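**Q** Let's see this in three dimensions:
(one chain, ligands or ions: 1)
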Amino acid sequence: MKHLSHFIDGHTAISLSQRFGDIFDPNTGAVQARVVLGTPDDLQVAVASAVTAQKAWAATNPQRRARVIFEFKRLLEVHMDELAHMLSQEHGKVISDSKGDIQRGLEVVEFACGIPHLLKGEHTQGAGPGIDVFSMRQALGVVAGITPFNFPAMIPMWMFAPALACGNAFILKPSERDPSVPLRLAELLIEAGLPAGVLNVVQGDKEMVDAILDHPDIKAVSFVGSSDIAQYVYGRGAANGKRVQCMGGAKNHGIVLPDADLDQTVADIMGAAYGSAGERCMALPVVVPVGDKTADALREKLVAAAQGLRVGVSTDAEAHYGPVVSAAHKARIESYIQMGVDEGADLVLDGRGFSLQGHENGFFLAPTLFDRVTAGMKSYQDEIFGPVLQMVRAQSFEAALSLPSRHPYGNGVAIFTRNGDAARSFADQVEVGMVGINVPIPVPVAYHSFGGWKRSGFGDLNQYGMDGVRFYTRVKTVTQRWPQGGAVSDQSFIIPTMA
Ligand code: NAD
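**A** Here you go, the predicted model:
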């Protein structure tokens, strides 16, 4: 059986840890590999290597750093098929979706290629007599990223592409459930010309995360995962004086106004609710039709469309989605379906008990659809993270607007309508970080930034775009005066002003 370990200083590093995590093939339910769950001693080796490598990397001019990033982008394209198969094999998402996962990361890599321009500072000439002021962005040093299972290519790249481009060294702690792609990305970076030690990958679980949060040489931590852990990481990292940004869970709503194009809306909701088996933080697991007429028409079309979905193994080119990531996660999703029934929601389609011939032990679930879900239900309040769509009927625009606004999560939201006035007003008022107008999954493009509100995001800088550059640098401002004609200025005991 394959054993995965750390990647430190440009090669695989052995750990003395006796703890291992199972990596499943979600299509068959079998354990296909094991990953070491590393120790604080392992992290110490990785950080020492990064501290040494970072100095020369930060001193490499930005254009040269950009060339390495650009070559990495080229290698991603060359290895797209290999990476997508590797990703699907451990995660379970279908190959086409794995390519999307890699592509969205690649687009952040492309953005990072512009780092010479993005790092330019500000300058004021003549701020006072003979005085100029300029500010520059400097790398933080060694920084770390802790990532979830559901985007094992994209989310590491959200983090390390800007971090490396800015001149930092990066310690990546990927999810222990699908660490192969992150390891392969690290190898490709070396092939692209990144000096050994500038990016190290450490494997592990809470013990390794805690070691990262407590390590004095790690200056910033970026985290993406579930909200309780995001909040914990934010608190412990900040208490240790680090810069921290933590993206958490989600429960995104799709509001459907009576004037929406229902066929297009249903097509959009299918992909957003059930794509990747619902294991996306920007999935759309709640649909809110306004008015019972809209709700009844929508329900009829949703049932027909969901019954037409094909659930298959991740290599099935015809499948709309594949298995969920683990047996434990499948059981958790099933328990939420039961909770919805017990809470009195109307179970229209039940995805439990689905079995794929020849893959009876795979972690598959058919589409589930609930109608008449209400805001007080726990199954509505919690993130389920599976192929489960909940319909909450609203009787007015205001009632529909208040649902996502009052929900504890605030990652993404979408509104489907032909009414520009209503859409604009909704986007303006809704208490959610990312809004789609007739766009079901409004993940911002690489040159904007990604971040949710409320329990979906802790910290004040978002992922990638200019916020990525801001997060991985600190500003230094220099105020300079050069002697003018040899005159000595008078002593002054007051705070300097521009008066
Ligand atoms: P998770 O919170 O279980 O794990 C995330 C990371 O935290 C992993 O690297 C894991 O090893 C580590 N971890 C797990 N338990 C820990 C603990 N007790 N202490 C410290 N670290 C711990 O999340 P997941 O199941 O891998 O991913 C799914 C979650 O991530 C969902 O909630 C989803 O909404 C969220 N997510 C959010 C975004 C976003 O940008 N907002 C993007 C993708 C996923």
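
**Q** mind checking pLDDT for the residue positioned nearest the centre of the chain?
**A** Nearest to the mean C-alpha position of the chain, by C-alpha atoms, centre = their mean, lies Ile155 at 4.6 Å. For Ile155, the pLDDT comes out at 98.

**Q** How about it: what's its closest non-neighbour residue?
**A** Thr147 (4.6 Å; C-beta to C-beta, 6 or more residues apart in numbering). Glycine gets a C-beta too; all of them are placed from N, C-alpha and C.

**Q** I'd guessed that neighbour sits against Val221; true?
**A** No. The pair Thr147 and Val221 fails to qualify as a contact (C-beta atoms under 8 Å) at a distance of 11.4 Å.

**Q** quick revisit: quick one, what contacts the residue nearest to Ile155?
**A** 155-156, 159, 172-175, 182, 223-225 (C-beta atoms under 8 Å, 6 or more residues apart in numbering).

**Q** In PDB, please show the C-alpha coordinates belonging to the longest helix along the chain.
**A** For the chain, the helix with the greatest residue count under DSSP state H is helix 40-59. Taking Å, rounded to 0.1, in the frame of the first residue of the first chain, the C-alpha atoms of helix 40-59 are listed here in PDB:
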ATOM      1  CA  PRO A  40       5.800  19.100  15.900                       C
ATOM      2  CA  ASP A  41       9.300  17.700  15.300                       C
ATOM      3  CA  ASP A  42       8.500  17.200  11.700                       C
ATOM      4  CA  LEU A  43       7.200  20.800  11.400                       C
ATOM      5  CA  GLN A  44      10.400  22.000  13.000                       C
ATOM      6  CA  VAL A  45      12.400  20.500  10.200                       C
ATOM      7  CA  ALA A  46      10.100  22.000   7.600                       C
ATOM      8  CA  VAL A  47      10.200  25.500   9.100                       C
ATOM      9  CA  ALA A  48      14.000  25.400   9.500                       C
ATOM     10  CA  SER A  49      14.300  24.600   5.800                       C
ATOM     11  CA  ALA A  50      11.800  27.400   4.900                       C
ATOM     12  CA  VAL A  51      13.500  30.000   7.100                       C
ATOM     13  CA  THR A  52      16.800  29.400   5.300                       C
ATOM     14  CA  ALA A  53      15.300  29.300   1.800                       C
ATOM     15  CA  GLN A  54      13.100  32.300   2.200                       C
ATOM     16  CA  LYS A  55      16.000  34.800   2.500                       C
ATOM     17  CA  ALA A  56      17.400  34.200  -1.000                       C
ATOM     18  CA  TRP A  57      13.900  33.800  -2.500                       C
ATOM     19  CA  ALA A  58      12.800  37.200  -1.100                       C
ATOM     20  CA  ALA A  59      16.000  38.700  -2.500                       C
END
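
**Q** what's the pLDDT at the residue nearest to Pro116 when sequence neighbours are not counted?
**A** With C-beta to C-beta, 6+ apart as the criterion, Pro116 has its nearest non-adjacent residue at 4.2 Å, and that residue is Pro62. At Pro62, the model reports a pLDDT of 98.

**Q** Now do the phi/psi pair for Pro62.
**A** Note on Pro62: its backbone torsions stand at phi -60, psi -30 [degrees, to the nearest 10].

**Q** so it makes contact with Ala112?
**A** No. When contacts are counted by C-beta under 8 Å, Pro62 is not listed as touching Ala112 (10.5 Å).

**Q** re earlier: how far away is the residue nearest to Ile155 from Ser5?
**A** 17 Å (C-beta to C-beta, to the nearest Å).

**Q** Check Gly362 too.
**A** 27 Å.

**Q** Comparing the two, which residue is more hemmed in?
**A** Gly362 (26 against 21; other C-beta atoms under 10 Å).

**Q** ok so the more buried one is a helix residue?
**A** No. Under DSSP: H, G, I helix; E, B strand; the rest coil, Gly362 falls outside any helix and is assigned coil.

**Q** And the residue of the stretch 201-350 of the chain closest to the ligand?
**A** The nearest approach of the stretch 201-350 of the chain to the ligand comes at Gly225, 2.6 Å away (C-beta to the nearest ligand atom).

**Q** Work out the gap between stretch 241-251 and the centre of the chain.
**A** 10 Å (C-alpha atoms, centre = their mean, to the nearest Å).

**Q** Could you list the buried residues of that stretch?
**A** By neighbour count on 16 or more other C-beta atoms under 10 Å, the buried set for stretch 241-251 is 242-251.

**Q** For the one residue in the stretch 1-150 of the chain that gets nearest to the ligand, grab phi and psi.
**A** Per C-beta to the nearest ligand atom, Pro148 is where the stretch 1-150 of the chain lies closest to the ligand, at 3.0 Å. Note on Pro148: its backbone torsions stand at phi -90, psi 180 [degrees, to the nearest 10].

**Q** residues near the nearest residue to it once chain neighbours are set aside, how many?
**A** In space, and not counting its chain neighbours, Pro148 is closest to Gly225: 4.4 Å by C-beta to C-beta, 6+ apart. Each residue near Gly225 was counted by other C-beta under 10 Å, and the total is 22.
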